[in-house]
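Student: Sequence and computational prediction follow.
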Amino acid sequence: MSEPLLEGEFRVSSTPWHTDKGEIEKAVHVARDFTEQKQLAALLQQQAHQFLSVLEHLGTPASIVDPETYEILFINRNKADLLGRDVVGVKCFEAFQGRTEPCPDCNNELVLKLNGAVHRWEGYNQKLGRHFLHLDRIIAWPDGRRVKLEVAFDTTTEKEALERLRESEELYRQITEHSLTGIVILQDGAAVYVNQRIADILGYAVDEMMGKQILDAVHPEDRAAILSRFAARSQGDTSAFEYEIRLQRKTGETIWCQLLTTAIPYLGRPAIMANILDISDRKQYRERLEASRESYKRLFNQARDQEELYRSLLNCAPDPIVVYDMEGKVKYLNPAHTRLFGWTLEEAEGKRLNTLPEWDRERALSVIRQVVYDGAVNTTHETQRLTKDGRVVDVSISAGRYLDHQGNPAGMVVVLRDISDEKRWRRRSVRARRGIGSCLR
């Protein structure tokens, strides 16, 4: 029979020795030294306590699970706070994942096969709504079982930051790839990034441009300016710089481009980002516009000279001349008109003159409409007009319309001649002939 552990160091077993008659004659006692085993058990217990104490105060969730039964043997304070309760004794899939049966991707068997090697994996806990990095390995439990230790690190903040970074990078990629300007990033003069637009501008594929020296695409006459800017960059000039240069397409065609460069860090190294816009069409338009401006300037000067000539001719004309716009307002009248009718150009310009006698108004307006709107040529006819002071003057009138630069009616030019003296001589001649005729009778 087994005897109790002796105080201190021994465990004693006793076996009775019987005679032929079945009586106990003596006993055999066996004593085994238990000192080392006891010390080892105490040491293991102390180490287990220390280990669990370390896990308890670990600043991240930790747990120990029996991989065979899924029973939770230990969780530290951090994990208990995360779960909101102590779940020791509960099945891990129930406590950790809110499931009623083992997880389909459970790694218990895998971790057991690794036999103490660390298994690292990442996952999303739907119950907690958090991302974790897990470190799993098999350890020995004080009772001799092989159990799974799992230490988890909450990576939700990092995951969200990475997701925002990916979204930002995707947005930047979309912006650059669909930009109307070409974008190229240079390091040591070579392209380390190009977007599709700059490849289209220069006629290359994107892959062809990667690593290409941008100076090779610059027109030889403009390379000195580019080298100057690169030299300034190497001296620490980080300011943005904008200029126009000529680039050469893959076909050899020369195009004008607007170049805006700025210094940026790229993949941990200094770089130059260049935004390039094809301005060939704008350049040609600007040149045509400048040529057109010069042409218009010449035409304007010619027109001004012609206007001065015409004005001189009109000013020297002996007969009154007046120019009206489409609304019947005075645009010009010459000095002869002022001498006969009294209005100066300063008084009359932009106004309607009251020169039509009432008795001739309806007929005169009809003639004006025919001349201005129908293009009729009004041959000379005799009538009367009023002066500024209301006097009636006998005149002969001829009129015609003039057109603007687009060929549309712009107004009417009226030439008048004072025939007052002529009318008086006519009347006297008639009276004289009548007198002579009566004397002869």
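Tutor: Looks like it came in fine.
Student: phi, psi of the residue most central in space within the chain?
Tutor: In the chain, the residue lying closest to the centroid (C-alpha atoms, centre = their mean) is I175, at 6.7 Å. Per-residue torsions, I175: phi -60, psi -50 (degrees, to the nearest 10).
Student: And L416, by the same measure?
Tutor: phi -120, psi 160.
Student: In terms of pLDDT, where does it sit?
Tutor: L416 is assigned 91 on the pLDDT scale.
Student: For beta bridges, what are the partners of it?
Tutor: Beta bridges link L416 to I397, judged by DSSP bridges.
Student: That one - how many residues pack around it?
Tutor: Residues near L416, counting by other C-beta atoms under 10 Å, number 23. Yep, even glycine has a C-beta here, placed from its N, CA and C like the rest.
Student: So it is in contact with D319, correct?
Tutor: Yes - contact status for L416 versus D319: in contact at 6.3 Å, counting by C-beta atoms under 8 Å.
Student: Please, where are all the helices along the chain?
Tutor: Along the chain, counting by DSSP state H, helices occupy 35-56, 77-83, 92-97, 108-114, 156-177, 196-202, 206-209, 223-234, 280-316, 335-341, 345-348, 361-374, 420-440.
Student: I'd like to know which elements the last one is packed against.
Tutor: To tie it back to what came earlier, the one meant is helix 420-440. With contacts taken as 3 or more C-beta pairs under 8 Å, 6 or more residues apart in numbering; DSSP states H and E, helix 420-440 sits against strand 392-403.
Student: Also compute the angle for the strand it packs on relative to helix 361-374, please.
Tutor: 20 degrees (axes from the mean of the first three to the mean of the last three C-alpha atoms, to 10 degrees).
Student: neighbouring contacts of strand 392-403?
Tutor: For strand 392-403, contacts defined as C-beta atoms under 8 Å, 6 or more residues apart in numbering pick out 320, 323, 340-341, 357, 367-368, 371-372, 375, 377-387, 409-420, 422-423.
Student: I214 versus the residue nearest to the centre of the chain, what's the distance?
Tutor: Per C-beta to C-beta, to the nearest Å, I175 is found 21 Å from I214.
Student: do the same with D319
Tutor: Applying C-beta to C-beta to D319 and I214 gives a distance of 74 Å.
Student: Those two: which has the busier surroundings?
Tutor: Using other C-beta under 10 Å, the more surrounded residue of D319 and I214 is I214, with 22 against 16.
Student: Would you state the predicted confidence (pLDDT) at that one?
Tutor: pLDDT at I214 comes out at 83.
Student: got a list of what it touches?
Tutor: V184, L186, G189, A190, A191, I226, A274.
Student: if you set the cut-off to 6 Å instead, what comes out?
Tutor: By C-beta atoms under 6 Å, 6 or more residues apart in numbering, the contact set of I214 is L186.
Student: And it, how close does it get to R223?
Tutor: Relative to R223, and taking C-beta to C-beta, I214 is found at 10 Å.
Student: got it, and P265?
Tutor: 26 Å.
Student: The two: which is more packed in?
Tutor: Counted by other C-beta under 10 Å, P265 and R223 do not tie: R223 has more neighbours, with 14 against 8.
Student: How much space separates the more buried one from Q284?
Tutor: From R223 to Q284 the distance is 23 Å (C-beta to C-beta).
Student: same deal with L227?
Tutor: 28 Å.
Student: ok, now E163?
Tutor: Distance of E163 to Q284, given as C-beta to C-beta: 47 Å.
Student: Neighbours of R249, how many?
Tutor: The number of residues packed near R249 is 14, by other C-beta under 10 Å.
Student: Not counting residues beside it along the chain, what's closest to it?
Tutor: Distances taken as C-beta to C-beta, 6 or more residues apart in numbering put G203 closest to R249, at 4.3 Å, once the chain neighbours are dropped.
Student: Check what contacts stretch 261-278 and list those residues.
Tutor: Identification of contacts with stretch 261-278 by C-beta under 6 Å, 6+ apart yields 181-187, 198, 201, 238, 240-241, 255, 257-260.
Student: Would you agree L333 is in contact with V322?
Tutor: Yes - judged on C-beta atoms under 6 Å, L333 makes contact with V322 at a distance of 4.4 Å.
Student: who are the neighbours in contact with S228?
Tutor: Contacts of S228 (C-beta under 6 Å, 6+ apart): none.
Student: Look up the pLDDT of it for me, please.
Tutor: S228 is assigned 82 on the pLDDT scale.
Student: what about it, distance to Q235?
Tutor: Distance from S228 to Q235, counting by C-beta to C-beta: 11 Å.
Student: do the same with S429
Tutor: 102 Å.
Student: again with L277
Tutor: 27 Å.
Student: More neighbours: which of the two?
Tutor: L277 (18 against 7).
Student: Can you name the residues bridging to the more buried one?
Tutor: With beta bridges defined as DSSP bridges, L277 has these partners: Q258.
Student: Quick check, pLDDT for it.
Tutor: pLDDT, read off for L277, is 90.
Student: next one: S420
Tutor: 88.
Student: ok, it - contacts?
Tutor: Contacts for S420 were tallied using C-beta under 6 Å, 6+ apart; they are D394.
Student: ok, D222 - contacts?
Tutor: D222 sits in contact with I245, R246, where contact means C-beta under 6 Å, 6+ apart.
Student: where's it relative to E290, distance?
Tutor: For D222 relative to E290 (C-beta to C-beta), the value is 21 Å.
Student: follow-up on the earlier one: mind pulling the model confidence for the residue nearest to R249?
Tutor: 93.
Student: any idea how far S429 is from it?
Tutor: Separation of G203 from S429 (C-beta to C-beta): 92 Å.
Student: same question, D394
Tutor: For D394, the distance to S429 - C-beta to C-beta - is 15 Å.
Student: which residues of this protein score low on pLDDT?
Tutor: 1-13, 17-18, 27-49, 233-234, 238, 240, 300, 303, 378-379, 435-441 (pLDDT under 70).
Student: Quickly list the domain ranges of it.
Tutor: 2-33, 39-159, 179-278, 317-426 (automatic domain parsing).
Student: For Y296, which of the ones you listed is the nearest?
Tutor: Between Y296 and these, the shortest gap by C-beta to C-beta is with domain 317-426, which sits at 11.3 Å.
Student: What is the end-to-end distance of the closest one?
Tutor: Start-to-end span of domain 317-426 (C-alpha to C-alpha, to the nearest Å) is 25 Å.
Student: distance between it and the chain's centre?
Tutor: Relative to its chain's centre, domain 317-426 lies at 63 Å (C-alpha atoms, centre = their mean, to the nearest Å).
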